[in-house]
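Asker: sharing a model that was predicted from the sequence below.
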Amino acid sequence: KLVEKFPDFDPNAKNGEGLTILTYLVSKTAHFNRYSPLVCHLIALYGKELEINDPNTKGFSPLVMASRALYLHQKEAEAVIQTIFSLWGTQLTFVAAEFQEDYPFFMACQHGSVELVRKFFDFFPINIFHKDSKERNAFMISAMNETPDGARVLASLFRRFHKFLHLDTKDKEGNNIAHLCSKYGSPVIKFEKLHFLLRKECPLPVFLERDNKNRGLVELLSLFGSQEDIEAFELLAREVPKLLLDYSTSEGKSLPAHLLENRAWRAVEITLKHKLFDWDAYFPALSLLLLSEELEIISRVDEVLLCALSESSAESFDSRWTNYELLLREASLQVQKKQLLELSNERRLEIKKTMAE
């Protein structure tokens, strides 16, 4: 109605802060979901009459500001960015200040969909060579993508630019691409991104390296609750066993010690199942736990011991079983522990019978 009433209105006129109406509207990143319909309507009314590269007081163009809104309002921001690309495409320009974390392409890689990232590359393939202030390239930034499209964005970049990508590159914080995959996103998204790297035969050193805090890949996964992170751990056990065999934490602890200290029972069973570690690696520490005062973990410790026994060879089983029985007798001196341990009798008999056969 205002446009009809004021046909001579200049859409590129600036307010007291030097902002055009388009620049003013897209700068409202915190409330972008409310302002994005106005932005799209304004572009539909005036089209290429609008100064699309006109910066705000910080030197950011409308495209940069719309890209910054991806983090909070992905759907609405993508609609605006797609509209901008459809009208102006290669006429879009970037200033030097934008080659930081706020650079539109980096924001798209970290917070956008695979379709949006492809759109940026269609118009500006040179983006693949740019790095942000932390020395992260496009592929590394995509590893930080926390959206459901995270793994697809990685795959899309890999397919198109694998000749130019160096998977062993590190940023200023000592993170390589595997570290970034493990740090960002829900457990499901982390798993999908790591799975992609393994399928693409990412070099083993990438998984073995540590960040600047001397943390390895296993310490970056949450192995003590999330089913998906446990699945990611099993994926590593299956595909890169050397990583886990040689692993030590930033404090110099072996992987078995790290897992038991954090009560990561499922992860312990995975290492036994894949024969990365055996009875000898776990028995001393498990013995101490079984004789401790922590009644709530007795059944779980016994279950892990039985799992280790069931994975033993026929030659070593008898001596290990003898040690196990001696340990049970000592633990059963406490009435409460005896009651808890008796629950596993049927499982013990089953294992003993299987090994005898």
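Answerer: Thanks, I have it.

Asker: going forward, measure contacts and count neighbours with C-alpha atoms only.
Answerer: OK.

Asker: wait, doesn't residue 144 sit right on residue 179?
Answerer: No: judged on C-alpha atoms under 8 Å, residue 144 makes no contact with residue 179 at a distance of 9.5 Å.

Asker: and these two? Which one has more around it.
Answerer: The residue with more neighbours, out of residue 144 and residue 179, is residue 179; 28 against 25, by other C-alpha atoms under 10 Å.

Asker: ok, the more buried one to residue 155 distance?
Answerer: Using C-alpha to C-alpha, to the nearest Å, one gets 17 Å for the distance from residue 179 to residue 155.

Asker: which residues touch residue 196?
Answerer: Going by C-alpha atoms under 8 Å, 6 or more residues apart in numbering, residue 196 touches 151, 155.

Asker: helix, strand or coil: sort out it for me.
Answerer: helix (DSSP: H, G, I helix; E, B strand; the rest coil).

Asker: where do the helices sit along the stretch 1-150 of the chain?
Answerer: Remark: helices assigned in the stretch 1-150 of the chain by DSSP state H, counting those that start in this stretch are 2-5, 21-26, 32-46, 62-68, 74-88, 104-111, 114-123, 138-142, 150-161.

Asker: mind checking the ones you listed for the one nearest to residue 212?
Answerer: helix 138-142 (16.2 Å; C-alpha to C-alpha).

Asker: does anything pack onto the closest one? Which helices or strands?
Answerer: When contacts are defined as 3 or more C-alpha pairs under 8 Å, 6 or more residues apart in numbering; DSSP states H and E, helix 138-142 packs onto helix 104-111, helix 150-161, helix 177-183.

Asker: could I get those helices as a markdown table with distance to residue 127?
Answerer: Below are those laid out as a markdown table (distance: least, C-alpha to C-alpha, whole Å):
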| stretch | distance to residue 127 |
| --- | --- |
| helix 104-111 | 7 |
| helix 150-161 | 11 |
| helix 177-183 | 18 |
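
Asker: among those, which is nearest residue 279?
Answerer: helix 177-183 (29.3 Å).

Asker: what packs against that closest one?
Answerer: helix 138-142, helix 187-199, helix 204-208, helix 217-220.

Asker: and among those helices, the most buried is which?
Answerer: Neighbour counts (mean count of other C-alpha atoms under 10 Å) averaged over each of the helices and strands packed on helix 177-183 peak at helix 138-142, with a mean of 26.

Asker: picking that back up, how about the helices and strands packed on helix 138-142 in TSV, adding mean pLDDT and distance to residue 276?
Answerer: Converted to TSV, the helices and strands packed on helix 138-142 look like this (pLDDT from 0 to 100; distance: least, C-alpha to C-alpha, whole Å):
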stretch	mean pLDDT	distance to residue 276
helix 104-111	86	35
helix 150-161	87	28
helix 177-183	89	21
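
Asker: so which of those gets nearest residue 200?
Answerer: The nearest among the helices and strands packed on helix 138-142, by C-alpha to C-alpha, is helix 150-161 at 9.1 Å.

Asker: just the buried residues of that closest one, please?
Answerer: Neighbour-count burial for helix 150-161 flags 150-158 (criterion: 16 or more other C-alpha atoms under 10 Å).

Asker: stretch 336-354 now?
Answerer: Result for stretch 336-354 [16+ other C-alpha under 10 Å]: buried residues 337-338, 340-341, 348, 351.

Asker: from residue 34, how far out is the closest residue to residue 108 other than its chain neighbours?
Answerer: Excluding the flanking residues, the one nearest residue 108 by C-alpha to C-alpha, 6 or more residues apart in numbering is residue 117, at 5.8 Å. Counting by C-alpha to C-alpha, the gap from residue 117 to residue 34 is 24 Å.

Asker: looking at these two, which has the bigger crowd around it?
Answerer: residue 117 (22 against 14).

Asker: pretty sure the more buried one contacts residue 105?
Answerer: Yes: here residue 117 reaches residue 105: they are 7.3 Å apart, a contact under C-alpha under 8 Å.

Asker: for the protein, which spans come out with low pLDDT?
Answerer: The model of the chain has pLDDT under 70 over residues 94-102, 222-226.

Asker: the same query, at a cut-off of 50, please.
Answerer: 96-98 (pLDDT under 50).

Asker: how about residues contacting the helix ranked longest in it?
Answerer: Secondary structure of the chain per DSSP state H: the longest helix is helix 314-331. With contacts defined as C-alpha under 8 Å, 6+ apart, helix 314-331 is touched by 287, 290-291, 309, 337-338, 341, 355.
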